[in-house]
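> sequence unknown, structure follows:
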């Protein structure tokens with residue numbers, strides 16, 4: 001939107017680009033990422049059940065019984081608690097980099113790459129901080 005001066009047009013008509021462009025995306029990401037986390041958890045568990053059944057001959061019921069003993073519901077909640085924080089970080093970094101885009105395709109590619117790299121780096125750091133926090137409260 002910055003390349004075609006749409007952000008400048010929003011400013012000219014008196015709208016705040018942060019309120020119109022950034023805030024709705026952040027809210028949507030904070031809502032969507034926990035939902036995506038739930039879907040990914042079920043997909044991973046389903047894939048684990050399928051792989052154990054096909055490659056090791058472990059019956060799905062036996063897998064689920066062992067799974068209940070191996071993980072606690074707090075393990076699932078740990079990921080769901082982290083998801084909104086990760087969404088805020090990813091959305092903020094992407095929005096900041098998006099607002100820096102100039103008028104060329106080269107600038108767009110540069111800032112998209114920077115956004116992805118920065119997001120991955122900060123998410124890894126934040127995940128480590130969450131691990132330290134969870135360990136300190138024995139979660």
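Perfect, thanks for sending it. Since the structure is predicted, the reported quantities are computational estimates derived from the model, not experimental observations.
> please count neighbours and contacts with C-alpha atoms only from this point.
OK.
> tell me the centre residue of the chain?
Centroid-nearest residue in the chain: residue 87, 4.8 Å away (criterion: Cα atoms, centre = their mean).
> for it, which non-adjacent residue is closest in space?
residue 30 (5.2 Å; Cα to Cα, 6 or more residues apart in numbering).
> rewinding a little: average model confidence for whatever helix or strand the residue nearest to the centre of the chain lives in?
Residue 87 belongs to helix 73-99 when assigned by DSSP states H and E. For helix 73-99, mean pLDDT is 93.
> how far does the helix or strand harbouring residue 125 sit from the chain's center?
Assigned by DSSP H and E, residue 125 belongs to helix 105-136. Offset of helix 105-136 from its chain centre (Cα atoms, centre = their mean, to the nearest Å): 10 Å.
> which strands and helices lie in contact with that helix?
helix 73-99 (3 or more Cα pairs under 8 Å, 6 or more residues apart in numbering; DSSP states H and E).
> in the helix it packs on, what's buried?
79-80, 82-95, 97-99 (16 or more other Cα atoms under 10 Å).
> for the lengthiest helix in the chain, buried residues please.
Scanning the chain for the helix with the most residues, using DSSP state H, yields helix 23-56. Using 16+ other Cα under 10 Å as the test for burial, helix 23-56 gives 25-26, 29-30, 33-34, 37-38, 49-50, 52-53.
> quick one: mean pLDDT for that helix?
Mean predicted confidence for helix 23-56 is 96.
> which is the succeeding secondary structure element to that helix?
helix 60-70.
> same for that next one, what does it pack against?
Packed next to helix 60-70, using 3+ Cα pairs under 8 Å, 6+ apart, are helix 23-56.
> tally of neighbours for residue 64?
13 (other Cα atoms under 10 Å).
> no wait, residue 62
13.
> quick check: pLDDT value at it.
At residue 62, pLDDT is 95.
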